[in-house]
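Novice: The following block contains a protein sequence and its predicted model.
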Number of protein chains: 2
Amino acid sequence: MRRRRLEPDARREQILSVAIRLFGAKPYAEVSTTDVAREAGVARGLVNHYFGTKKDLYLEVVRVMLTVPDVALEQLPEGELPERASSIVNWFLDVVTRHSTSWLAATGAGGMADADVHDVITEAVDHAATGVLRALGSDDPAPAMRAMTRSYVGLAIWTAQEWLQRGVLTRDQVHALLVTALISMVERVFPEAL
Amino acid sequence: MRRRRLEPDARREQILSVAIRLFGAKPYAEVSTTDVAREAGVARGLVNHYFGTKKDLYLEVVRVMLTVPDVALEQLPEGELPERASSIVNWFLDVVTRHSTSWLAATGAGGMADADVHDVITEAVDHAATGVLRALGSDDPAPAMRAMTRSYVGLAIWTAQEWLQRGVLTRDQVHALLVTALISMVERVFPEAL
DNA sequence: AACACTATTGGCGATGCGTCAATAGGATCA
DNA sequence: TGATCCTATTGACGCATCGCCAATAGTGTT
């Protein structure tokens, strides 16, 4: 058996891409490190060598899955609340649509839901909440306001899953629901909560 | 070793209660069938005999965890929308508070998030959505309306977790957020979505 | 007291994971 | 070009868990 020797970065990247594909297609428990190694054309021990434990590898995969280019977040329209809400929701739906499969795998069924994974997802949600708050013009919100925004992001995630997995709602309906919910939250809840 | 012989129902019940306790305290992967058997004072093979595979046992556990006495759902106040919304939210928060640990384990971190488990949770969410819709006086809603209500239940679950795990929000704030969101949804989204 | 029914046991085989000493690819240098 | 060194890579060992099934032993019945 002829073996090929790669730069550590390249090998790591290759194994990671295989893992992303497999964990995106099947749930955690149904993907063995043997599978990853075989598809990468590599000994199983090498996977452990680069990523430590299997859970560590999965955490890396989830991190990549949830990492999202937030360039678009920097250049949001200046208009009134409805315009800003609409555009941030559109941005979110675009992201989810583009990475739908891996995104569903990371947040919904197919994951692992252990404590560490939960932390990674929580961090991503918090990041998204920051983006939403910034889009609303609030750069340094009160803790309660930030917490409620995290809940809103949860609604967005949940609704996106409902949309993509069940197919009952149209994108326009999802958009309307999320925009309305966001505006209502800002107008009716935030003023009283602070 | 003296062994005790029980009625199948009793033995099954006993093992199940042990499993509920363990799966409520530790995530799926960290609970072995050996643990369950040991704590139940029983051979490991017996667990398989009564519940089949480990996942089957876990599914049974999640079902029990999510099963909720919906007697209170039958007798909801007759008042206007705000009153009805407030009482259904209160009912939900009461349930979550009472079964908080097992409830968090079933819906959030600590679970397994495989496809079958996801189905069980989805079913429970759908059941809760039915309750909400009934509280709103809608017994046979359009599919889109039902789907949006499922999303709302998702918001409620997410917010409850935010509340119980992070402790940033107070119960009153959670209540206000959920009631407002529900009313907004009914008033602003449902009329246009149908 | 002997029997029959079946709840219960304990061990077998398979699979997956983490680790580590041994191996060999390939760049460097004489 | 051929010897040498560094380290990327391998393969196997030990351990844990799981599903399965034939053997065993409670317990009510005759």
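Specialist: Right, received. Where do you want to start? Numbers count the residues shown, from 1 in each chain, chains lettered A, B, ... in the order given.
Novice: host element of A:Gln14?
Specialist: In the assignment (DSSP states H and E), A:Gln14 maps to helix A:8-25.
Novice: Check what contacts that helix and list those residues.
Specialist: In this structure, residues lying in contact with helix A:8-25 by C-beta atoms under 8 Å, 6 or more residues apart in numbering or on different chains are A:6, A:31, A:35-36, A:39-40, A:42, A:46-47, A:50-51, A:57-58, A:60-62, A:64-65, A:101-102, A:105, A:110. From N, CA and C alone the C-beta is placed, and that goes for glycine too.
Novice: quick one: least confident helix or strand in chain A?
Specialist: One helix or strand of chain A scores below all others by mean pLDDT, DSSP states H and E: helix A:190-193, with a mean of 75.
Novice: All the helices of chain A, in order from the start?
Specialist: Under the criterion DSSP state H, chain A contains helices at A:8-25, A:33-40, A:44-51, A:54-66, A:81-98, A:100-107, A:115-135, A:143-161, A:171-184, A:190-193.
Novice: ok so, going back, what's the PyMOL syntax to select whichever of the contacts of helix A:8-25 are buried?
Specialist: Filtering the contacts of helix A:8-25 down to the buried ones (16 or more other C-beta atoms under 10 Å in any protein chain shown) takes a single PyMOL command:
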select buried, chain A and resi 31+35+36+40+42+46+47+50+51+57+58+60+61+62+65+102+105+110
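Novice: check the contacts of helix A:8-25 against DNA strand C, which are close?
Specialist: When contact is defined as C-beta under 7 Å from any atom of the strand, the contacts of helix A:8-25 meet DNA strand C at A:Val31.
Novice: one step back: what's in contact with the least confident helix or strand of chain A?
Specialist: With C-beta under 8 Å, 6+ apart as the test, helix A:190-193 has contacts from A:142, A:144-145, A:148, B:173, B:176-177.
Novice: mind redoing it with 7 Å?
Specialist: Contacts to helix A:190-193, defined as C-beta atoms under 7 Å, 6 or more residues apart in numbering or on different chains, come from residues A:144-145, A:148, B:173, B:176.
Novice: Can you lay out those as CSV showing distance to A:Asp114 and neighbour count?
Specialist: What follows is the contacts of helix A:190-193, written out as CSV (distance: C-beta to C-beta, whole Å; neighbours: other C-beta atoms under 10 Å in any protein chain shown):
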residue, distance to A:Asp114, neighbour count
A:Ala144, 29, 17
A:Met145, 30, 21
A:Met148, 27, 27
B:Gln173, 29, 18
B:Ala176, 33, 19
